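Enquirer: Any chance you could fold what I've pasted below:
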Amino acid sequence: MDPVTNPYMPGAGRKPSALVGRDSAIHAWDVALRRAERGITDQPMVLYGLRGVGKTVLLTQLRHNAEARKWITVQIEAGSNRSLREMLGEGLYAPLSDLNRPNPGARFLKALKTALSFKASYDITGTWNFGVDLSSVPGGGADSGILDTDLKKIIRDVAQAAEDDGVGLAILIDEAQDLHENELTTLAVVAQAAAQDNWPVLFAAAGLPSLPQTFAEAKSYTERFQFTHVERLDQVSAEEALRLPAQAEQVSWDDDALAHVVEASGRYPYFIQQFGQASWNEASGTVIHLTDARTGVARASISSMSASSRPDGTGPPLRNAATCARCAQRATRGSDQAWWPRGSARR
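Expert: Residues are numbered from 1 along each chain as shown. The predicted model follows:
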């Protein structure tokens, strides 16, 4: 089939055409947004699980939902050479610049001045220009050099400025297990302060299965955070992740082809997209058949093995993909028997 209309989108952090099986987490976040707008701040949401299960996609969807409600949002990824202070500061600049208006209120001007001081706390040579005179505006003070003091100041002032518009501030952190210990501790302290005083700010973090324990070691009260274990899709959701995007293009899967890709993927969203894309490219007409799925899975498995296998054990199991990869070298021989390793069930 035409690869231009292929609806499957493999790749780390890329939102699939059909985001399925994550309704409970999305609903919980949407409830937290609405509660914060009413002056009740919920505990942070923590998404944890193996690589390949769709944590980044889900985290990004949470950001999109906050943006749809006109919230100020900052999404960052830990693990770079930049500190949490710098990542949050630079992440705030664009939304604050976009929110500048002809007749800004007092709390918005205060937030801008606090942002300038926060910028100076990690970059004394850098300058921001919001296009407004802040010389007589009270504020600042986010440059003490003490991380929790400065983060509390900038987050509170920006959140309260957002509150004037009936919204709030959402801070989302991917790969949170890579934050330094003092940064995790500071996040926990700031989140606790926000919940106690009902600042209109929500936190969401995503990371590996070790993340809950990492938070617990930082501060014991993080056990009250909202932890969501992001796992493989269930059988129905895995089938929908393949079927729904095809239906939108007037294409269908036959039952055997669908079952083959679901089984080969292990119901990991990463592999569902990878194998779905490859199966589509093998097919002709408007139906994806079992032979298309077999060939597509086999060809895609070689690249999946190299791209997704991780020696630290944090990636999805590649048992099925490994089997298919061994078959891939026989993909063009034309023998039906070549597709099935010894001991495998035939479909």
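Enquirer: could you pull out the strands for the stretch 51-200 of the chain?
Expert: 72-77, 169-174 (DSSP state E, counting those that start in this stretch).
Enquirer: pull the helix or strand with minimum mean pLDDT from this structure.
Expert: Counting by mean pLDDT, DSSP states H and E, the chain has its least confident helix or strand at helix 319-328, which shows a mean of 43.
Enquirer: ok, back up a step: deepest in the core, which of the strands of the stretch 51-200 of the chain is it.
Expert: Using mean count of other C-beta atoms under 10 Å, the stretch among the strands of the stretch 51-200 of the chain with the greatest mean number of neighbours is strand 169-174 (a mean of 26). The way it works is simple: take the backbone N, C-alpha and C, and place the C-beta from them, glycine included.
Enquirer: now for it, which elements pack on it?
Expert: If contacts are counted by 3 or more C-beta pairs under 8 Å, 6 or more residues apart in numbering; DSSP states H and E, strand 169-174 sits against helix 55-68, strand 72-77, helix 147-163, strand 201-207.
Enquirer: Would you mind finding the most buried of these?
Expert: strand 201-207 (a mean of 26).
Enquirer: So what's the gap between that one and the chain middle?
Expert: Chain-centre distance of strand 201-207: 10 Å, with C-alpha atoms, centre = their mean, to the nearest Å.
Enquirer: So what are the sheet partners of that strand and their directions?
Expert: Under the criterion DSSP bridges, strand 201-207 sits next to strand 45-48 (parallel), strand 169-174 (parallel) in its sheet.
Enquirer: closest to residue 268 out of the ones you listed?
Expert: Of all these, the one in closest proximity to residue 268, counting by C-beta to C-beta, is strand 45-48 (15.5 Å).
Enquirer: Pull the CA coordinates from that closest one and hand them back as PDB.
Expert: Extracted in PDB, the C-alpha atoms of strand 45-48 (Å, rounded to 0.1, in the frame of the first residue of the first chain):
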ATOM      1  CA  MET A  45       1.300  12.200  39.000                       C
ATOM      2  CA  VAL A  46       4.200   9.800  38.500                       C
ATOM      3  CA  LEU A  47       4.200   7.500  35.500                       C
ATOM      4  CA  TYR A  48       6.600   4.600  35.700                       C
END
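Enquirer: can you give me the mean pLDDT across that strand?
Expert: Mean pLDDT, strand 45-48: 97.
Enquirer: With stretch 5-13 instead?
Expert: 90.
Enquirer: now swap in stretch 258-273 and tell me
Expert: The model assigns stretch 258-273 a mean pLDDT of 95.
Enquirer: what's the answer for stretch 239-252, then?
Expert: Averaging pLDDT along stretch 239-252 yields 96.
Enquirer: Just the residues contacting it, thanks.
Expert: When contacts are defined by C-beta atoms under 8 Å, 6 or more residues apart in numbering, stretch 239-252 is touched by residues 1, 5, 7-8, 16-18, 20-21, 233, 253, 258, 261-262, 269, 272-273, 276, 280, 283, 286-288.
Enquirer: Got a ChimeraX select line for the buried ones in those?
Expert: ChimeraX command restricting the contacts of stretch 239-252 to the buried ones, with burial defined by 16 or more other C-beta atoms under 10 Å:
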select :1,7,8,16,17,18,20,21,233,253,258,261,262,269,272,273,276,280,283,288
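Enquirer: Sketch out the low-pLDDT regions of the stretch 101-250 of the chain for me.
Expert: Residue ranges of the stretch 101-250 of the chain with pLDDT under 70: 101-102, 126.
Enquirer: 90 instead, please
Expert: Residues of the stretch 101-250 of the chain meeting the criterion pLDDT under 90: 101-106, 108, 116-117, 120, 122-143, 221.
Enquirer: Go ahead and name everything in contact with stretch 186-200.
Expert: 36-37, 39-44, 84, 147-148, 151-152, 155-156, 159-160, 162-163, 167-169, 173, 179, 201, 203, 205, 215, 218-219, 221-222, 225.
Enquirer: Doesn't residue 232 belong to a strand?
Expert: No: Residue 232: not assigned to a strand; according to DSSP: H, G, I helix; E, B strand; the rest coil it is coil.
Enquirer: out of the helices and strands packed on strand 169-174, which comes closest to residue 229?
Expert: helix 55-68 (10.3 Å).
Enquirer: elements contacting that closest one?
Expert: Under the contact rule (3+ C-beta pairs under 8 Å, 6+ apart), helix 55-68 is packed against helix 23-37, strand 45-48, strand 72-77, strand 169-174, strand 201-207.
Enquirer: Could you export those to a markdown table, including columns for distance to residue 129?
Expert: Formatted as a markdown table, the helices and strands packed on helix 55-68 follow (distance: least, C-beta to C-beta, whole Å):
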| stretch | distance to residue 129 |
| --- | --- |
| helix 23-37 | 30 |
| strand 45-48 | 34 |
| strand 72-77 | 19 |
| strand 169-174 | 22 |
| strand 201-207 | 25 |
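Enquirer: Can you say which of these is nearest to residue 124?
Expert: Nearest of these (C-beta to C-beta): strand 72-77, 21.7 Å.
Enquirer: and that closest one, average pLDDT?
Expert: 96.
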